[in-house]
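**Q** sequence first, predicted coordinates after that:
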Amino acid sequence: MPENPKNSSANQAAVLSPVEFRYARIILLIALVSVGFGFTVLFAILGPLGREVGMSELQISSIIAASSLVVFLASPRWGRLSDRWGRKRVMVTGLFGYACGNFLFASVFHLTLVGALIPITGYLLLMLTRVMHASVMSAIMPASSAYMADITTVATRTKGMGAVGAANNFGSILGPALGGLLAGITLLTPLWVASAVAITTALFVIFLLPDIPKVAPSGGPSRGPSGNKLSYFDPRILPYIIVGALMFMGMALVQQTLAFRFQDILGLSAVETAQTFGLAMGCSAAASLMSQIGLMQRINLTPFQWLRVALPILAVAFACLALADTKALMITAMVLQGAGMGLAGPAFMAGASLAVEPHEQGAVAGIAGSCGPLGFTLGPLLGGFFYQLSPDLPYWFTFAIYLPLLAFVMSQRRGEKRRDQGAAAQQRSSANEPEA
């Protein structure tokens, strides 16, 4: 995973003055807070809401899996499209797509809850609307990550991606917490509110986020060393893709079953589950935010060094979730999980971004950003299946996955000293650039 020497300070950051850079960064991060809210509000209510309409754990998980598969397939295309259309246009498209798709999804749930649709029809329509929703909203994160890559340099890229993760996680604190509170009105209220927030954010981006010039490619759009379109198997990013796919699969497997775990262990009603699990997710997101602000923004480590710190924390968190049988222990485990993922997620994105050239940032943001959806395609199905066999099995299975993943990350030491020296030289050359 060489950090490409061409990916230097002579990138998009050079087209913005320090004042413009700070303004663009603030507007982008505020927008990402609302995006984080919209993406996570569903997780607090989907489990209990699905059970209310008579769906099994596997059916509920399959809705997330199907939409995640679509995001996995669509994200690289949106990322490449942002290289041609521009980041802002693609972000706005994704935000409006999210608002419309989420409204349709909530409407189908409402019709199923009131008995206007029989359960099997409701389930099939939920799958359809969620897939339609995912196909367009998958534009948001590749364009956002590529925008941050455009306005940062090699020296500030990891901190810039950390800031993206921190903003998203702050929204992730608000999403489950407010979702749990809003569920006290009706279980569907959080979804209606999320659609309104997405429309407001789209207007915010249209009128306030600065447009930046597109990078002129040196050898065709999004081309790798051989001149071919950037792919998952490009040797520059393949190790990061392996890490990302396995890491997010484990996270998805755990996250999709935790609402069931809370409801079953604590004997909660649907609304109580949404509120309690929403609180726990908020605590987890808060820990993630603190790890990014308190550690990642203050300590300079390479992406793989951050991964070597984060993965053991995550493995311990999953073992704790398997053993936890009280509310306090489960929330503690989720806090550990949040802290670990707060370091691992931005490190993974920053490493992939640093490995390619400036004109490939949209493409790599789409490819790296699709690793999460790939994980959420496989993870929920495995989680729902394992949970039906034994409630603690999903967490032990994920713990077992993270052990060889940690060994793989630890093995990525060859050439790291050379890459660090190259990055240090680039940091010195861009010492006068604005910090992320």
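**A** Everything's here; your move.
**Q** number of nearby residues for the closest residue to residue 77 other than its chain neighbours?
**A** In space, and not counting its chain neighbours, residue 77 is closest to residue 366: 6.8 Å by CB to CB, 6 or more residues apart in numbering. To be clear about C-beta, it is placed using only N, CA and C from the backbone, and glycine gets the same treatment. Residue neighbour count, defined by other CB atoms under 10 Å, stands at 29 for residue 366.
**Q** pull the residues that contact whichever helix or strand residue 366 is part of.
**A** Using DSSP states H and E, residue 366 maps to helix 361-369. By CB atoms under 8 Å, 6 or more residues apart in numbering, the residues outside helix 361-369 that reach it are 75-83, 87, 141-143, 145-146, 149-150, 215, 221-222, 229-232, 237, 240-241, 244, 348-349, 352-353, 355-356.
**Q** just to revisit the earlier point, how far away is the residue nearest to residue 77 from residue 93?
**A** Distance of residue 366 to residue 93, computed by CB to CB, to the nearest Å: 14 Å.
**Q** which strands or helices does the lengthiest helix in the chain pack on?
**A** The longest helix of the chain (DSSP state H) is helix 18-52. The helices and strands touching helix 18-52, judged by 3 or more CB pairs under 8 Å, 6 or more residues apart in numbering; DSSP states H and E, are helix 57-85, helix 87-113, helix 140-150, helix 157-182, helix 189-208, helix 238-266, helix 270-291.
**Q** packing partners for the shortest one?
**A** This means helix 140-150. Counting contacts by 3+ CB pairs under 8 Å, 6+ apart, helix 140-150 is packed against helix 18-52, helix 57-85, helix 87-113, helix 157-182, helix 327-354, helix 361-369.
**Q** how does it look with 6 Å?
**A** Packed against helix 140-150, as judged by 3 or more CB pairs under 6 Å, 6 or more residues apart in numbering; DSSP states H and E, are the following elements: helix 18-52, helix 57-85, helix 87-113, helix 361-369.
**Q** next one: the fifth one
**A** Secondary structure elements in contact with helix 189-208, counted by 3+ CB pairs under 6 Å, 6+ apart, are helix 18-52, helix 87-113, helix 157-182.
**Q** now, of those, which is deepest in the fold?
**A** helix 157-182 (a mean of 25; mean count of other CB atoms under 10 Å).
**Q** what angle do helix 361-369 and it make with each other?
**A** 50 degrees (axes from the mean of the first three to the mean of the last three CA atoms, to 10 degrees).
**Q** so for helix 157-182, mean pLDDT?
**A** Throughout helix 157-182, pLDDT has a mean value of 76.
**Q** okay, angle between it and helix 270-291 too, please.
**A** 160 degrees.
**Q** for helix 157-182, packing partners?
**A** Counting by 3+ CB pairs under 6 Å, 6+ apart, helix 157-182 packs on helix 18-52, helix 189-208, helix 270-291, helix 327-354.
**Q** in three-state terms, label the nearest residue to residue 23 once chain neighbours are set aside for me.
**A** For residue 23, ignoring the flanking residues on the chain, the nearest one in space by CB to CB, 6+ apart is residue 210 at 6.8 Å. Secondary structure, DSSP: H, G, I helix; E, B strand; the rest coil: residue 210 is coil.
**Q** can I assume residue 210 is in contact with residue 22?
**A** No - using CB atoms under 6 Å, residue 210 and residue 22 do not qualify as a contacting pair, with a distance of 11.0 Å.
**Q** circling back: wait, which of the helices and strands packed on helix 157-182 is closest to residue 167?
**A** Nearest of the helices and strands packed on helix 157-182 to residue 167, taken as CB to CB: helix 18-52 at 3.9 Å.
**Q** list the contacts for residue 371?
**A** 244-245, 248 (CB atoms under 6 Å, 6 or more residues apart in numbering).
**Q** at 10 Å what do you get?
**A** By CB atoms under 10 Å, 6 or more residues apart in numbering, the contact set of residue 371 is 72, 75, 232, 240-249, 348-349, 352.
**Q** and which of these is nearest residue 378?
**A** Of these, the one sitting nearest to residue 378 (CB to CB) turns out to be residue 249, at 5.1 Å.
**Q** roughly how far apart are the nearest residue to that closest one once chain neighbours are set aside and residue 32?
**A** Distance criterion CB to CB, 6+ apart; nearest residue to residue 249, sequence neighbours excluded, is residue 375 at 3.8 Å. Separation of residue 375 from residue 32 (CB to CB) stands at 20 Å.
**Q** just residue 353 next, same as before
**A** For residue 353 relative to residue 32 (CB to CB), the value is 16 Å.
**Q** what's the burial count for the residue nearest to residue 87 when sequence neighbours are not counted?
**A** Spatially, and ignoring its direct neighbours in sequence, residue 87 is nearest to residue 147 (4.1 Å; CB to CB, 6+ apart). Residue 147 is flanked by 31 other residues according to other CB under 10 Å.
**Q** how about residue 211?
**A** Counted with other CB under 10 Å, residue 211 comes out at 11.
**Q** still on that earlier bit, just so I know, which of the helices and strands packed on helix 18-52 lies nearest residue 297?
**A** Using CB to CB, the helices and strands packed on helix 18-52 put helix 157-182 closest to residue 297, at 5.7 Å.
**Q** how far out from the middle of the chain is that closest one?
**A** 10 Å (CA atoms, centre = their mean, to the nearest Å).
**Q** just want the angle from that helix to helix 140-150.
**A** 150 degrees.
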